[in-house]
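Undergrad: Sequence and computational prediction follow.
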Amino acid sequence: MAKDRALKIAIAGLGTVGVGVVKILTQHAELMGARAGQAIEIIAISARDRSRNRGVDLTSYSWSDNLVDLAAIEDVDIIVELVGGSDGPALTLARTALAAGKSFVTANKALIAVHGRELAALAEKTGATLRFEAAVAGGIPILKSLAEGLAGNHISGLYGILNGTCNYILTRMEREGLSFGEVLADAQRLGYAEADPSFDIDGIDTAHKTAILAALAFGTAPSMDMTIEGIRNIAPVDIDYAKELGYRIKLLGVARQTEEGVETSVHPAMVPLAAPLAKVMDALNAVVVQGDHVGETVYTGAGAGEGPTASAVVADIIDIARGNSYPAFGVPTDALKDLPAMPPGQHKGTFYVRLRVEDASGVMADITAVLARENVSIESMLQRGMAPGGGVYIILTTHLTAEAAVSSTLKHFTKLECVLETPTMIRIEAF
Ligand SMILES: NC(=O)c1ccc[n+]([C@@H]2O[C@H](COP(=O)([O-])OP(=O)(O)OC[C@H]3O[C@@H](n4cnc5c(N)ncnc54)[C@H](OP(=O)(O)O)[C@@H]3O)[C@@H](O)[C@H]2O)c1
């Protein structure tokens, strides 16, 4: 039976996502209320610039110049934070709201990746609910899937394309044969990439999301203790060779449980062309989850943008209205496990290595001597015509080997006189 009293929410941040939430809650008010079991009413809002025209009618909501004041409004049930940043006002608002027993919904991956455990514990203490579906993969309900739909499984691993900007750049590099710099400049002009794109292209954004996914999948606290590599060094030639070898390059967030500990990392990887993740193009996101009973499940959709992200925020609000309040990371914070992390370099897999070398006799002998010394066994070796800048490219793929051994081999390659530039190494993910 529907409740008489409306669920009252306050929204901090009225940018892309905040305005999207206002639109859904006003345009579909009746449907959302029916699903929630009570009307959902926005009563207060906050952003920096009160005078800005945001394309939606905000006149009936009370305005706060200081977003933290929203948490002090007595009859607010849920604070929705759509500002961003791991610290600063978003963190202060989260702490104040949860301490006051108000539920807290956010799209802020940085906040949850860095302070998730503390905030989840605070929510438990005061009986509030903490939800952040929109923080990972935008419109794809992947956190709910991990916490609820897959709750009957031991999750051994997950892999995700979690940053639309990187996937867009890699897609255009492949389709148009352009360099990373050319596509990035164009993406910035079109609004697909930020003026300061480093959070996206250097893998930090993907790392925040991977930390949250790993926490829900394995029942651990989110941790940013992982190796992070972005896509700046991917060259069109790597994309071409990947295709020739039967792969496509994607920036992946990876979390898996291994005998050596939990491995979480962000890195560009060669993915077999037939794998589901290889088919995810443009700005789309996707996550593959491996559960012991369910097997492999694949989730794909829009990872960002006004509508998809607001869709996830509203789903969290409705969940709270329904009284569906599972712990933020799937288990209570005192049951979160401290699983040991896999030591760096211990990853075992196969690798792609690209060398630009002098076009001279004896070069192959030098290279194979280093490989033999480092005990790295080669699955294939390709040599193609002249490389731009002089010399020729040699492309190696390895058999199963430890990443530390390949890294050490690369260091020795760099010392060879015949090697003309720093070698490139890309993981090959076999799934
Ligand atoms: N955009 C996406 O597709 C997307 C996808 C997934 C997750 N997210 C996450 O959602 C959150 C919001 O993203 P967005 O794209 O909507 O950002 P945005 O368009 O930049 O909007 C940010 C909003 O926060 C307000 N703000 C900033 N600092 C403030 C302060 N000190 N006090 C009060 N208000 C403040 C801004 O006010 P003014 O408008 O007055 O400047 C603006 O309304 C971020 O955590 C982001 O990571 C976004």
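TA: Nice, I can see it.

Undergrad: Was I right to think Ala405 contacts Leu371?
TA: No: at 9.9 Å, Ala405 does not count as touching Leu371 under the criterion of Cβ atoms under 8 Å. Quick note: C-beta positions are derived from backbone N, CA and C, even for glycine.

Undergrad: Look up phi and psi at the residue of the chain at minimum distance from the ligand.
TA: In the chain, the residue that lies nearest the ligand is Gly15 (1.8 Å; Cβ to the nearest ligand atom). Phi and psi for Gly15, reported as degrees, to the nearest 10, are phi -90, psi -140.

Undergrad: and it, what is it in contact with?
TA: 47, 82 (Cβ atoms under 8 Å, 6 or more residues apart in numbering).

Undergrad: Please repeat the previous calculation with a cut-off of 7 Å.
TA: Leu82 (Cβ atoms under 7 Å, 6 or more residues apart in numbering).

Undergrad: how close does it get to Ala135?
TA: Going from Gly15 to Ala135 by Cβ to Cβ, to the nearest Å gives 15 Å.

Undergrad: can you check Met173 too?
TA: In terms of Cβ to Cβ, Met173 sits 27 Å off from Ala135.

Undergrad: Then Thr309?
TA: 9 Å.

Undergrad: what touches both of those two?
TA: Residues touching both Thr309 and Ala135 (Cβ under 7 Å, 6+ apart): Ala107.

Undergrad: which other helices and strands contact the lowest-mean-pLDDT helix or strand in the chain?
TA: Across the helices and strands of the chain, the lowest-confidence element by mean pLDDT, DSSP states H and E is strand 378-386, at a mean of 89. Other helices and strands packing on strand 378-386, by 3 or more Cβ pairs under 7 Å, 6 or more residues apart in numbering; DSSP states H and E, are strand 392-398.

Undergrad: could you give the angle of the strand it packs on to strand 378-386?
TA: Per axes from the mean of the first three to the mean of the last three Cα atoms, to 10 degrees, the angle that strand 392-398 makes with strand 378-386 is 170 degrees.

Undergrad: ok, residues contacting whichever helix or strand comes after strand 392-398?
TA: Counting by DSSP states H and E, the element after strand 392-398 in chain order, helix or strand, is strand 401-402. If you take Cβ under 7 Å, 6+ apart as the criterion, strand 401-402 is touched by 345-346, 348, 351, 376-377.

Undergrad: Most neighbours out of the residues you listed, which is it?
TA: Across those, neighbour numbers were computed from other Cβ atoms under 10 Å; Phe351 holds the maximum, 25 neighbours.

Undergrad: Help me confirm that it comes into contact with Pro423.
TA: No: contact between Phe351 and Pro423 fails when scored by Cβ atoms under 7 Å: they sit 10.7 Å apart.

Undergrad: Determine the residues that are contacts of both of those two.
TA: Counting by Cβ under 7 Å, 6+ apart, nothing touches both Phe351 and Pro423.

Undergrad: what ranges do the helices span in this structure?
TA: With DSSP state H, the ranges of helices along the chain come out as 16-27, 29-36, 89-99, 109-126, 142-144, 164-176, 180-190, 198-201, 204-218, 236-245, 306-321, 363-374, 403-415.

Undergrad: Throw the ones you listed into a markdown table and include mean pLDDT, thanks.
TA: Conversion of the helices of the chain to a markdown table gives the following (pLDDT from 0 to 100):
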| stretch | mean pLDDT |
| --- | --- |
| helix 16-27 | 98 |
| helix 29-36 | 98 |
| helix 89-99 | 98 |
| helix 109-126 | 98 |
| helix 142-144 | 98 |
| helix 164-176 | 97 |
| helix 180-190 | 94 |
| helix 198-201 | 96 |
| helix 204-218 | 98 |
| helix 236-245 | 95 |
| helix 306-321 | 98 |
| helix 363-374 | 95 |
| helix 403-415 | 96 |
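
Undergrad: Redo those helices as JSON lines? Include mean neighbour count.
TA: Shown next, in JSON lines, are these (neighbours: other Cβ atoms under 10 Å):
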{"stretch": "helix 16-27", "mean neighbour count": "21"}
{"stretch": "helix 29-36", "mean neighbour count": "15"}
{"stretch": "helix 89-99", "mean neighbour count": "21"}
{"stretch": "helix 109-126", "mean neighbour count": "21"}
{"stretch": "helix 142-144", "mean neighbour count": "26"}
{"stretch": "helix 164-176", "mean neighbour count": "21"}
{"stretch": "helix 180-190", "mean neighbour count": "15"}
{"stretch": "helix 198-201", "mean neighbour count": "19"}
{"stretch": "helix 204-218", "mean neighbour count": "27"}
{"stretch": "helix 236-245", "mean neighbour count": "18"}
{"stretch": "helix 306-321", "mean neighbour count": "22"}
{"stretch": "helix 363-374", "mean neighbour count": "16"}
{"stretch": "helix 403-415", "mean neighbour count": "17"}
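
Undergrad: Fine by me, we can end here.
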